[in-house]
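K.L.:
I would like to see how this sequence folds:
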Amino acid sequence: MTHRILTTHVGSLPRPEHVVTQLFAQDSGLNYDEAVFDTTMATEVANVVAKQAASRVDVVSDGEMSKISYATYIRHRLTGFELGEMPRAVPLDLDDFPEFKERLAKLGATPKYHRPICTGPIAVKDLSGLHKDIANLKAAVTSASTNANPPTRAFMNSASPGVIAVFQPNKYYPSNEQYLQALADAMATEYEAIVAAGLDLQIDAPDLAMGRHIKFRDVDDTEFLRNASLQVEALNHALRNVPAERIRMHVCWGNYEGPHHRDIGLEKILDVVLKAKPSTVLFEGANPRHAHEWEVWAAAAKAGKIPDDKILAPGVLDSVNNFIEHPRLIAQRLLTYANIVGRDRVMAATDCGFGTFAGFGAIHPPIAFAKLASMAEGTEMASKELWP
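P.N.:
Modelled structure (predicted):
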């Protein structure tokens, strides 16, 4: 029993420019030196874990330093993917405001990259990158253990089968179900390796929310939810050998500044989300489009729909603006959720990552860590009220 609420975040943190340079060199194969890449990543993972500890983050990550993005990294680890030219997936809400969409493009606010396309059978190809990531994070946590506020635990992000299927087009498998099954079988190895190394596993699953206004933008809610259920089934199959309490899952509607008026409501997807195996659910709870949805969680709890083993990790920090949330606001948000599921079943988190794509992010890097420090201060306030 900690007798306080723990702090964490969704995973990605701002990457220094020299890290971004290395990531694009690796992804393109141009001017790529593996030894330089490995040294850079080990150094920067140590740095970013130290910064998290200084900001009093309890459950830390490697900041996804070695990944160009949360889903496309898989092409380096699995067979069956090739870079190709495909129309970029554009959120439906931006199409409603074409001048705003054009303005974002001109400002370079949306990343440009070649998307991996599935063109062959999927299988594990090379997990050396994963094992290097694990080693770097564990070494960084050990180093940070001498900090005044040492990390409590560490987690590592991994893409869900569903988010890979939503964002990497399939040109090989006869059906979406077979594509998901192949992804689940292949990704299980990564999931199990992370937990076997003593780290918590975070499944990134924006497909369960953002997928509605991206890949499934032209179908109705029923068809989207049917596919979301298939994605959860594939995920649960991939996690069959991993204890639920060692897994957390992030669900979001897209980490971009935009109207978001096409986001599917939490009340429509909650039943599907709660069928997923991970015991901890991280979700948007701070931004103006989803901050009200504590009411959805409250109604679900009242109806007995939230399993007793589920821990809620609401976003108490907005990840697309440079406001530093007041600690009291953070405390209020956490107290709201503690009143819904109990003080022992709440963690403080962020809406999404601060560096979803390498080289792109709305948050000024020092402000990102100042926001995390404010989260720690607000969490301490809430904890003192919950454990007087």
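K.L.:
residue 238 contacts residue 185, correct?
P.N.:
Yes: using Cβ atoms under 8 Å, residue 238 is in contact with residue 185, at 7.3 Å. The way it works is simple: take the backbone N, C-alpha and C, and place the C-beta from them, glycine included.
K.L.:
the more surrounded of those two?
P.N.:
Higher neighbour count among residue 238 and residue 185: residue 238, with 26 against 16, using other Cβ atoms under 10 Å.
K.L.:
and the more buried one, what are its phi and psi?
P.N.:
Residue 238 has phi and psi values of phi -70, psi -30 when expressed as degrees, to the nearest 10.
K.L.:
kindly report the same for the one 10 residues further on.
P.N.:
Backbone torsions for residue 248, taken as degrees, to the nearest 10, come to phi -120, psi 150.
K.L.:
just the strands in the chain please.
P.N.:
In the chain, the segments counted as strands under DSSP state E are 6-7, 59-60, 81-84, 115-118, 153-159, 200-204, 247-251, 280-283, 311-317, 347-350.
K.L.:
what's the closest of these to residue 292?
P.N.:
Among the strands of the chain, the nearest to residue 292 by Cβ to Cβ is strand 311-317 (11.9 Å).
K.L.:
just the mean pLDDT for the closest one, thanks.
P.N.:
Per-residue pLDDT over strand 311-317 has a mean of 98.
K.L.:
helices or strands up against that strand?
P.N.:
Contacts defined by 3 or more Cβ pairs under 8 Å, 6 or more residues apart in numbering; DSSP states H and E place strand 311-317 against strand 280-283, helix 327-341, strand 347-350, helix 365-386.
K.L.:
neighbouring strands of the first one in the sheet, and parallel or not?
P.N.:
Note on strand 280-283: by DSSP bridges, its sheet partners are strand 247-251 (parallel), strand 311-317 (parallel).
K.L.:
how about a markdown table for those, with mean neighbour count and distance to residue 332 added?
P.N.:
Converted to a markdown table, the strands paired with strand 280-283 look like this (neighbours: other Cβ atoms under 10 Å; distance: least, Cβ to Cβ, whole Å):
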| stretch | mean neighbour count | distance to residue 332 |
| --- | --- | --- |
| strand 247-251 | 25 | 22 |
| strand 311-317 | 25 | 9 |
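K.L.:
which of those strands sits closest to residue 302?
P.N.:
For the strands paired with strand 280-283, proximity to residue 302 was assessed by Cβ to Cβ; strand 311-317 is nearest, at 14.6 Å.
K.L.:
thinking again about what came up before, adding distance to residue 101, write the strands paired with strand 280-283 out as JSON lines.
P.N.:
Listed next are these as JSON lines, based on distance: least, Cβ to Cβ, whole Å:
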{"stretch": "strand 247-251", "distance to residue 101": "24"}
{"stretch": "strand 311-317", "distance to residue 101": "25"}
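K.L.:
which of those strands sits closest to residue 76?
P.N.:
strand 247-251 (21.3 Å).
K.L.:
so where's the stretch 101-250 of the chain uncertain?
P.N.:
By pLDDT under 70, the weakly predicted segments of the stretch 101-250 of the chain are 108-114.
K.L.:
circling back to that earlier point, need the strands of the chain in TSV with distance to residue 32, can you?
P.N.:
Shown next, in TSV, are the strands of the chain (distance: least, Cβ to Cβ, whole Å):
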stretch	distance to residue 32
strand 6-7	36
strand 59-60	28
strand 81-84	15
strand 115-118	17
strand 153-159	22
strand 200-204	25
strand 247-251	29
strand 280-283	33
strand 311-317	34
strand 347-350	31
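K.L.:
just checking, residue 52 touches residue 372?
P.N.:
Yes: here residue 52 reaches residue 372: they are 6.9 Å apart, a contact under Cβ under 8 Å.
K.L.:
got the confidence number for the nearest residue to residue 52 once chain neighbours are set aside?
P.N.:
Once flanking residues are discounted, residue 52 sits nearest to residue 60: 4.3 Å by Cβ to Cβ, 6 or more residues apart in numbering. Looking at residue 60, its pLDDT is 98.
K.L.:
number of nearby residues for residue 60?
P.N.:
Should you count by other Cβ under 10 Å, residue 60 turns out to have 28 residues around it.
K.L.:
so for residue 52 and residue 372, which residue has more residues nearby?
P.N.:
residue 52 (29 against 24).
K.L.:
show me where the stretch 101-250 of the chain has its helices.
P.N.:
For the stretch 101-250 of the chain, applying DSSP state H, counting those that start in this stretch gives helices covering 128-144, 161-167, 176-196, 221-238.
K.L.:
okay, now residue 282: neighbour count?
P.N.:
Look at residue 282: counted by other Cβ under 10 Å, it has 29 neighbours.
K.L.:
and the strands of the chain: which comes nearest residue 34?
P.N.:
Each of those has some distance to residue 34 by Cβ to Cβ; the shortest is strand 81-84, at 19.2 Å.
K.L.:
for the closest one, buried residues please.
P.N.:
Residues of strand 81-84 classed as buried by neighbour count (16 or more other Cβ atoms under 10 Å): residue 81.
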